[in-house]
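A.B. asks: here's a sequence, model it:
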Amino acid sequence: MAGKKREEEREKAFYENGSKLHEKLIATCNGRPIPIRSYSCEELQRATNNFHSSRIFHTDGFKHEWYNGFFEGRMISIKEYLRHRGDDIFTDIAVSAKMSTHNNVLKLIGCYLETQIPISVYESAANGSLFDRLKVTSDQREPLSWQSRLKIAREIAHAISYLHTAFSRPIVHRDIKSGNVFLDQNDVAKLTDFSLSISIPEGETHVEADSLIGTYGFICPHYYTTWYITEKVDVYSFGSFLLELLTGQRWRELLRTTNNFYDGDPAIPVWLKGSVDSFDVEDFESARNSFAINEVVDPAILVGEEGSVVWQQLQAVLRLALICRKNNPEIRPDMVDVTKELRKIERFIL
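C.D. replies: Numbering: from 1, shown residues only. Purely as a prediction, here's the structure:
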């Protein structure tokens, strides 16, 4: 009887989740839902050794656990949702499916719907999350070089640009951060986790949020005060993401460990003054004399990186990060221009 009841519960979950996902896919993909492979419980259990803890390669607080798996001769990544809010899981799956053709988005290859909370299956993220990679210690893999970080910044900027411009209704990610960027076996950056994503209606400049969600330090001040969501919300978050790449620190760590403050606010480092609207970013060159660039960047970046070109790149990326984090969204560039600027910096055309 217990087996029959369990089978009935799985069948009920499959139809309920399938219905919700189909509806979200139609809404997200303009009435042309993308076919998604359906995995069975037994297939995923075999792929992950029954979801053994040794297969976990990344956790995102109490929200997700990511497993390495092996299925049909290839490595895969399996995302288990530990909790969810509303239909965010179905938004994540639908937008991931829509974006899977982009080389810098983690490709969705299927999902398992026969449980109360669905499970998603993706291409392999062999080198884990960028967040974990930035935190490597001396007895682990080599730290990411500056050129690798610059390449990752450009790749993720390109993925966000595509999200904003490739569709009739621009999609805003709303949670750009190192924990939502994975690396494949060649350290190609892959954007993931579209659970907070939202579309801007055709012909509109913004959409009004029904709740304020995101990650501390990455939430746009204008969004915080107005609840208006535009593409510039992601630009602000991307500025914080650039600072993660530069400093190698999480945002909370960055604020806690920085001793130079300004304007009497103990929460803001002096070198972040450039992201405040009252500060003219054109004065950045003179303002940076109040600190040394090596006080800002991750010390691991500086190992073996010598020469004026690297210093100019570091300064240019810091300057770009501060512009992206301007309080006034009108002052921030769009992601297409950010991507172009990173290409110029990467090619040493400064």
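A.B. asks: rest of the way, CA atoms for contacts and neighbours
C.D. replies: Noted.
A.B. asks: strands of the chain, residue ranges please.
C.D. replies: With DSSP state E as the criterion, the chain has strands at 37-38, 56-60, 64-71, 74-81, 108-112, 119-123, 171-172, 181-183, 189-191, 198-199, 207-208, 228-229, 261-262, 265-269.
A.B. asks: could you dump the ones you listed into a markdown table and include mean neighbour count?
C.D. replies: What follows is those, written out as a markdown table (neighbours: other Cα atoms under 10 Å):
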| stretch | mean neighbour count |
| --- | --- |
| strand 37-38 | 14 |
| strand 56-60 | 16 |
| strand 64-71 | 20 |
| strand 74-81 | 20 |
| strand 108-112 | 22 |
| strand 119-123 | 22 |
| strand 171-172 | 25 |
| strand 181-183 | 24 |
| strand 189-191 | 26 |
| strand 198-199 | 21 |
| strand 207-208 | 14 |
| strand 228-229 | 20 |
| strand 261-262 | 14 |
| strand 265-269 | 15 |
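A.B. asks: to T215, which of these lies closest?
C.D. replies: strand 56-60 (11.6 Å; Cα to Cα).
A.B. asks: please work out the average pLDDT along stretch 28-42.
C.D. replies: Taken as a whole, stretch 28-42 has an average pLDDT of 79.
A.B. asks: return the set of buried residues in it.
C.D. replies: Neighbour-count burial for stretch 28-42 flags 28, 33, 38-39, 41 (criterion: 16 or more other Cα atoms under 10 Å).
A.B. asks: show me what the closest residue to S129 other than its chain neighbours bridges to in the sheet.
C.D. replies: Ranked by Cα to Cα, 6 or more residues apart in numbering and with sequence neighbours excluded, the top spatial neighbour of S129 is F182, at 4.2 Å. With DSSP bridges as the criterion, F182 is bridged to S129, K190.
A.B. asks: now F182: how far from R149?
C.D. replies: F182 sits 13 Å away from R149, going by Cα to Cα, to the nearest Å.
A.B. asks: again with A157
C.D. replies: 12 Å.
A.B. asks: now swap in A166 and tell me
C.D. replies: 25 Å.
A.B. asks: neighbour-wise, which of those two wins?
C.D. replies: R149 (20 against 12; other Cα atoms under 10 Å).
A.B. asks: touching, that one and L245? I think so.
C.D. replies: Yes - at 6.3 Å, R149 counts as touching L245 under the criterion of Cα atoms under 8 Å.
A.B. asks: mind showing which ranges of this structure have poor pLDDT?
C.D. replies: 1-5, 8, 30-33, 136-140, 250-294, 304-307, 349-350 (pLDDT under 70).
A.B. asks: so where's the longest helix in it?
C.D. replies: The longest helix of the chain (DSSP state H) is helix 2-28.
A.B. asks: now for that one, which elements pack on it?
C.D. replies: helix 88-99 (3 or more Cα pairs under 8 Å, 6 or more residues apart in numbering; DSSP states H and E).
A.B. asks: now the helix it packs on: buried residues?
C.D. replies: For helix 88-99, burial by neighbour count (16+ other Cα under 10 Å) applies to 89-99.
A.B. asks: ok, residues contacting that helix?
C.D. replies: Residues outside helix 88-99 that contact it (Cα atoms under 8 Å, 6 or more residues apart in numbering): 20-21, 24-25, 28-29, 34, 36, 81, 105-108, 118, 120, 163, 192-197.
A.B. asks: now do stretch 109-121
C.D. replies: 9-14, 17-18, 36-41, 76-81, 83, 89, 93, 108, 122-123.
A.B. asks: also stretch 65-77?
C.D. replies: Applying Cα under 8 Å, 6+ apart, the contact partners of stretch 65-77 are 43-44, 46-48, 51, 55-59, 78-82, 121-125.
A.B. asks: do stretch 14-22 as well
C.D. replies: With Cα under 8 Å, 6+ apart as the test, stretch 14-22 has contacts from 33, 90, 93-94, 113-116, 118.
A.B. asks: now render those as a markdown table, adding distance to I176.
C.D. replies: Converted to a markdown table, the contacts of stretch 14-22 look like this (distance: Cα to Cα, whole Å):
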| residue | distance to I176 |
| --- | --- |
| P33 | 25 |
| F90 | 19 |
| I93 | 17 |
| A94 | 18 |
| L113 | 27 |
| E114 | 30 |
| T115 | 28 |
| Q116 | 27 |
| P118 | 23 |
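A.B. asks: closest to D298 among the residues you listed?
C.D. replies: Comparing the contacts of stretch 14-22 against D298 with Cα to Cα places I93 closest, at 34.3 Å.
A.B. asks: against Y81, how distant is the closest one?
C.D. replies: 12 Å.
A.B. asks: find the nearest non-adjacent residue to G214, please.
C.D. replies: Nearest-residue entry for G214: D175, 5.6 Å, with adjacent residues in sequence omitted and distances by Cα to Cα, 6+ apart.
A.B. asks: Y216 is in contact with the one you found, correct?
C.D. replies: No - between D175 and Y216 there is no contact under Cα under 8 Å: 9.9 Å.
A.B. asks: pick out whichever of those two has more residues nearby.
C.D. replies: Neighbours were counted for D175 and for Y216 using other Cα under 10 Å; D175 has more, 24 against 11.
A.B. asks: the more buried one: what's it in contact with?
C.D. replies: Counted by Cα under 8 Å, 6+ apart, D175 has contacts 194, 196-197, 214-215, 218, 234, 237.
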